[in-house]
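>>> mind looking at a prediction? Sequence and model below.
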Amino acid sequence: MSRNAKKSNHEAYVRMYQQMVRIRAFEDNANKLYLAAKMPGLTHMYSGQEAVAVGICEALKSTDKITSTHRGHGHCVAKGADFKEMFCELLGKEEGYCRGKGGSMHIADQENGNLGANAIVGGSAGIATGAALSAKHLGKDDVTVCFFGDGALGQGLLYEVMNMAALWNLPVIYACENNLYGEYTKVEEMAAGELTGRAKAFGIETFVVNGQDVLAVNKLSEELVERARKGEGPFFIQLDTYRYHGHHVGDINREYYRPKDEEELWKTERDPITNFGAWLLKEKVLSQQELDQIHDEVSQDAKDAVAYAEAAKYPDISEVDMHVYKQNPVGGAA
Amino acid sequence: MSRNAKKSNHEAYVRMYQQMVRIRAFEDNANKLYLAAKMPGLTHMYSGQEAVAVGICEALKSTDKITSTHRGHGHCVAKGADFKEMFCELLGKEEGYCRGKGGSMHIADQENGNLGANAIVGGSAGIATGAALSAKHLGKDDVTVCFFGDGALGQGLLYEVMNMAALWNLPVIYACENNLYGEYTKVEEMAAGELTGRAKAFGIETFVVNGQDVLAVNKLSEELVERARKGEGPFFIQLDTYRYHGHHVGDINREYYRPKDEEELWKTERDPITNFGAWLLKEKVLSQQELDQIHDEVSQDAKDAVAYAEAAKYPDISEVDMHVYKQNPVGGAA
Amino acid sequence: MREITLSKAVNEAIAEEMRRDPAIFLMGEDVAEAGTPFKVLSGLVEEFGPNRILDTPISEPGFMGMAVGAAMTGSRPIVDLMFGDFIFLVMDQLCNQAAKTHYMSGGKLSVPLVLRTNLGATRRSAAQHSQSLHALVAHIPGLRVAMPSSAYEAKGLMKTAIRDENPVVIFEDKLMYNDKAPVPDEEYLIPFGEANILREGRDITLIGTSSMVQVCEQAAEILAEQGIEAEVIDPRTIVPLDEDTLINSVKKTSRAIVVDEGHQSFGITGEIASRLNEKAFYHLDAPVQRLGAMDVPVPFSPALEDITVPTPERVVEQALKAIKGELFHGA
Amino acid sequence: MREITLSKAVNEAIAEEMRRDPAIFLMGEDVAEAGTPFKVLSGLVEEFGPNRILDTPISEPGFMGMAVGAAMTGSRPIVDLMFGDFIFLVMDQLCNQAAKTHYMSGGKLSVPLVLRTNLGATRRSAAQHSQSLHALVAHIPGLRVAMPSSAYEAKGLMKTAIRDENPVVIFEDKLMYNDKAPVPDEEYLIPFGEANILREGRDITLIGTSSMVQVCEQAAEILAEQGIEAEVIDPRTIVPLDEDTLINSVKKTSRAIVVDEGHQSFGITGEIASRLNEKAFYHLDAPVQRLGAMDVPVPFSPALEDITVPTPERVVEQALKAIKGELFHGA
Ligand SMILES: Cc1ncc(C[n+]2csc(CCOP(=O)(O)OP(=O)(O)O)c2C)c(N)n1
Ligand SMILES: Cc1ncc(C[n+]2csc(CCOP(=O)(O)OP(=O)(O)O)c2C)c(N)n1
Ligand SMILES: [Mg+2]
Ligand SMILES: [Mg+2]
């Protein structure tokens, strides 16, 4: 863990640990639902990358915005979402965050500032940058974080909006989660040059941080969010991390592109939860019992939410053509 | 003029001078046609930027490819096109390079390796990079030059293809003609950071050269084309230059975005033709009389071609639905 | 009533709305000092400043995407897309993001933005600056599509578009920017989904969009000279489409031609004609005819370009065929 | 005859053509070792190597553009677009460049490329991975559009697409990749623009594209049980469209339904229905009916998604209405 971490912030430490555990629990349950053929479609697990979402979101207010990706459950939980509405959404139920219309790949939680997951790789870079422009335009001091994977560096849109963010000093932070692969291809086969060079090109300040170290991620994020709030943005962070599962839940036989021992190494030596837990113990922030209690509570929460979601009802078929258009206020436009 | 220029290459010097004069003459005549309301639509003049197209194309074989822009007459002439077919195309006549179907913004001259002007800013970056990939795939040693303006740096497509060109070492040279403006906006209002940074991001070697100095442009181009041919590409060149006219022929009152004295300065002190002419005289490559003769011949050529094009016939209306699809060979596909 | 150009009408609509609602801003290429190449937006940056009239880099996908994000977070952006042909560049952000966000979020997020762009050939601008691509966006649920046919329409529809809670694409005809029409001084809005009957008639219905409304009106004049009374209708918005007005007209006239400047095949004429055929079939004396632009990229040469778009003469020709029963056994 | 999956049929077509013509290469995301997420291309990189089966970064506009340049210079690229929904990302390079190059150059340049992608909902993939967007490209002159409806069709049409001198977009139904059909061992090609009559009948014509051909066939079975003889036709390519076969069928049956998985409004059903109405009007006993996907973004929830697409039951229902004359006075 980073040396600079201060012991002072007890509450934040506990919350970050808790949130990472919640993400892991969410994913483990989602995976189980998939394996039990209870979940429609596929889903992309965030397990392994928890420190990224949690370290960053801990630095954000609830009015700050994030945009998320196809691998979006972690961002959603970290930004404050509830298990119940999330599992309902994953199962396509009416009580889901999107009334079952979005599913895993479009989960959004507007009340907590999550503008939504996105199934177009890189597709939210414009949205995030526009949210930052909007804050500036409306005179709010909200900051937006744009989460995206190393693979999204292939998309030209990102360069267009980073240029504008730099020209106009927008309060946006580009958080590139480098988990070494985009689907079944290694990052070095998809990206020439240094990853951070792609933001430096526009005069954007860039940072590289260990994405498995929640305290390091959080410390950097607190700094950058504060600076962005003051109008010193945009920024770009490369967060080195790893996904434990396959690209999606169905990607089981993956040795042809990713060696088992590499997976083993990350899981055993670099697990963000294990390592942060050890640090919390060592620094006496929490006792083993308290850690266990967190795990137990979270796992009970998840279990309850899953049960709730399984029992919940599907949207009525009359909903199928609702929400195509938003109704205009009476007396307003047609 | 660059110090490194060698006197040895008499023929090339004369050809480069001639080609620059030809471009200027072409543009002056095109402008006159526009002012006399003889030309359909608008057109974008290349005058002032001649050293860029000529310095680069002098380094290319006729099987090498270029892609061009909305400001494409200069590239077309420099790559070897004839006045007659060019003026016919500008006037929409059947004998034009594209049978009148393309016009100024789509002029192409496939036989000389000009894959065409493009009315989508940045739109040809993919085509150029693909041509380079094609050469590699087919085992040819052709090099492709992608001409584009500073404004095209706004287009995300460029970043996508530069990444692939770098990943795959493609024989393509990105020639960014920085004429300080994109339409009515200054480059510094459109582009954050250093222009060359945008290629460095992908590990591409970049160069900056005075685009008014045909010898400097040519020397660098000869080097890079040779290296690209050997598989050492891609490369990126920023060529600093200036357009003398408005964005297009109709852009007359332009002081609101571009000061007259700036225009004056470039025209009087940095004109690529005047300065190269002076150098040719000084180095005794050509006499004043020979220079004059070039101008006279070119101007007569242009005049003849204009007269020819004006008298030439329009395509028959039956051509309107020809060339939507290329006919498949008999016995091949439907 | 005073007469102003379509260009001025658009300018006024935007200015009035921007005065009313500070959440509105406008972004695009050369929209500020230059006021767009067509000078439609001249003067706006002087009134509203560069923070509300934003000159962007040449990054259509990028600023389209930013508008989506801005619209999702309380702003009301107007995006200026210099040529309708560039809509191909913004399709992902427009159709995968803007159009679907409200639905995908189960109604929680919304994207109130206006994409203003243009259409229209015969400007000698060749294949990449002359297209009329409204059919593409009309096919995507979640988008509204408006097609003003005069200065009056342009102002009223633009104001409605700006106040709409959904993404609206508005196509102006770039050849009509200098066309004048009477436009009241007082504020007015034109509701979406209400077709405008410009001329009543009992013999045949001519449905035209955008500048094709003029073409239909001219055709109606010519037909009138021959004693044929054509009804001319402008749907104003193709999404939503005022089916009822169109169908009622066709039930009265028993014949119809749909005229549009988009390519005919797989364009909007097929949709409108199909709905009329479906819903007024037993009233029809002749099949609903269609007249779109030719299915060819727009050629540069004036000799070719002019024959690619519908003309009053061709509308008249089709109308006469329909009336004389010459469509028997098909075209 | 041996039966193979649609996936295998596509794979064979590409492999055979690549053996025949060294100018062909294929590029896309995860096409090499992974053989695409649908495993359609498995084995190709082993045979043809990474220089002919190119794994690209996630840069759809970029590699689409590169394919255009490669096609203009002697190569014959096949572009793999992982999901049909991503076609929005490549529209500019596909429609402004590939589709127009031959025309704009007066016939000098050509762009022989294949864009293979997919369509189809009900895979629980939600709004951005479930669209059927063939109508968009069908509207753009210069592109050809093929829609295979079985393994047999997929192989024959792919081979023709690869040999075509023009840009061809081929949409496979992603839900049919594992569906088997008899496919001969011997080489065969299926010409473009020749519709396939799968079942003859005299009472009503059912025109279906892609997987909707199956839907039409199932509907025909149900109708047959009720003594109604439906003719089922697969146009195979929507551009070029084999109008004659469709029209002749409708002249015989006097009734038709066009079934397609694209959104119904402003989609391909309107075009096909309009052509039939125009050219077989006086033979029709009922208006040509259309059945497309609902005009809503594709919802994730299975409860909703399943009702957005045409089903055999709904085709039967429409057919019965047409036959019983219940379409009188419109829908
Ligand atoms: C525009 C687009 N292209 C391709 C895909 C298919 N796809 C989904 S996820 C993915 C890989 C993304 O890699 P990365 O951005 O590194 O995110 P990770 O999955 O590693 O979290 C791809 C290619 C897509 N969803 N959108
Ligand atoms: C995609 C696209 N956006 C906008 C335009 C309109 N446009 C034509 S030229 C131009 C400026 C281009 O600037 P630059 O690339 O610097 O070339 P220059 O005109 O200076 O030679 C613009 C915005 C276009 N043709 N294509
Ligand atoms: Mg990744
Ligand atoms: Mg420029």
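Everything's here; your move. Ligands and ions are numbered 1, 2, ... in the order given.
>>> assign a three-state SS to the residue in chain C positioned nearest to ligand 4, would you?
Closest residue of chain C to ligand 4, C-beta to the ion: C:Ile58 (9.6 Å). Heads up, the C-betas are built off the backbone N, CA and C, glycines and all. Here C:Ile58 is coil, with the state taken from DSSP: H, G, I helix; E, B strand; the rest coil.
>>> ok, it touching B:Gly182?
Yes: with contact defined as C-beta atoms under 8 Å, C:Ile58 reaches B:Gly182; the gap is 5.9 Å.
>>> who are the contact partners of the residue of chain C closest to ligand 4?
With contact set as C-beta atoms under 8 Å, 6 or more residues apart in numbering or on different chains, C:Ile58 has these partners: B:Val121, B:Gly122, B:Gly151, B:Ala152, B:Gly154, B:Gln155, B:Gly182, B:Met190, C:Glu29.
>>> just name the closest of the residues you listed to B:Thr268, please.
Comparing the contacts of C:Ile58 against B:Thr268 with C-beta to C-beta places B:Gly182 closest, at 24.4 Å.
>>> name whatever forms a beta bridge with that closest one.
Note on B:Gly182: beta-bridge partners B:Thr185, judged by DSSP bridges.
>>> mind listing what it touches?
By C-beta under 8 Å, 6+ apart, the neighbours of B:Gly182 are B:Val121, B:Gly149, B:Asp150, B:Gly151, B:Ala152, B:Gly154, B:Met190, C:Pro57, C:Ile58.
>>> quick one: low-confidence parts of the stretch 201-334 of chain A?
Counting by pLDDT under 70, the stretch 201-334 of chain A contains low-confidence ranges at A:331-334.
>>> all strands for it, in order.
A:205-210, A:235-240 (DSSP state E, counting those that start in this stretch).
>>> deepest-packed of those strands, please.
strand A:235-240 (a mean of 24; mean count of other C-beta atoms under 10 Å in any protein chain shown).
>>> ok now that strand, how far from the chain's centre?
13 Å (C-alpha atoms, centre = their mean, to the nearest Å).
>>> which strands or helices does it pack on?
Counting contacts by 3 or more C-beta pairs under 8 Å, 6 or more residues apart in numbering or on different chains; DSSP states H and E, strand A:235-240 packs against strand A:172-178, helix A:197-200, strand A:205-210, helix A:214-229.
>>> which residue is the nearest non-sequential neighbour of A:Ser124?
Ranked by C-beta to C-beta, 6 or more residues apart in numbering or on different chains and with sequence neighbours excluded, the top spatial neighbour of A:Ser124 is A:Thr67, at 3.7 Å.
>>> bridged to that neighbour, which residues?
Beta-bridge partners, per DSSP bridges, of A:Thr67: A:Cys146.
>>> how about it, what does it touch?
Taking C-beta under 8 Å, 6+ apart as the test, what A:Thr67 contacts is A:115-116, A:118, A:124-125, A:127-128, A:131, A:144-147, C:69.
>>> closest to chain D out of those residues?
Distance to chain D, by C-beta to the nearest C-beta, is smallest for A:Asn118 among the contacts of A:Thr67, at 7.6 Å.
>>> ok, the closest one touching A:His75?
No: the criterion here is C-beta under 8 Å, and A:Asn118 misses it with A:His75 at 10.7 Å.
>>> find me the pLDDT at the spatially most central residue of chain A, would you?
Centroid check for chain A by C-alpha atoms, centre = their mean gives A:His75 as the closest residue, at 2.4 Å. In this model, A:His75 is scored at 98, pLDDT.
>>> can you tell me the helix or strand for it?
helix A:73-78 (DSSP states H and E).
>>> ok, residues contacting that helix?
Residues outside helix A:73-78 that contact it (C-beta under 8 Å, 6+ apart): A:19, A:22-23, A:26-27, A:30, A:43, A:45-46, A:49-50, A:52-54, A:56-58, A:66, A:68-69, A:83, A:86, A:97, A:104, A:107, A:109, A:114, A:117, A:147.
>>> out of those residues, which sit inside helices?
Cross-referencing the contacts of helix A:73-78 against helices under DSSP state H gives A:19, A:22-23, A:26-27, A:30, A:50, A:52-54, A:56-57, A:83, A:86.
>>> farthest-apart pair in those, please.
Longest span within the ones in helices among the contacts of helix A:73-78, C-beta to C-beta: A:Ala30 and A:Ile56, 21.3 Å.
>>> same drill for the two, tell me which one is more crowded.
Comparing A:Ala30 with A:Ile56 by other C-beta atoms under 10 Å in any protein chain shown, the one with more neighbours is A:Ile56, at 29 against 25.
>>> strands along the stretch 51-200 of chain C, start to end?
Applying DSSP E, counting those that start in this stretch to the stretch 51-200 of chain C gives strands spanning C:53-55, C:76-80, C:114-119, C:144-146, C:168-173, C:180-182, C:196-199.
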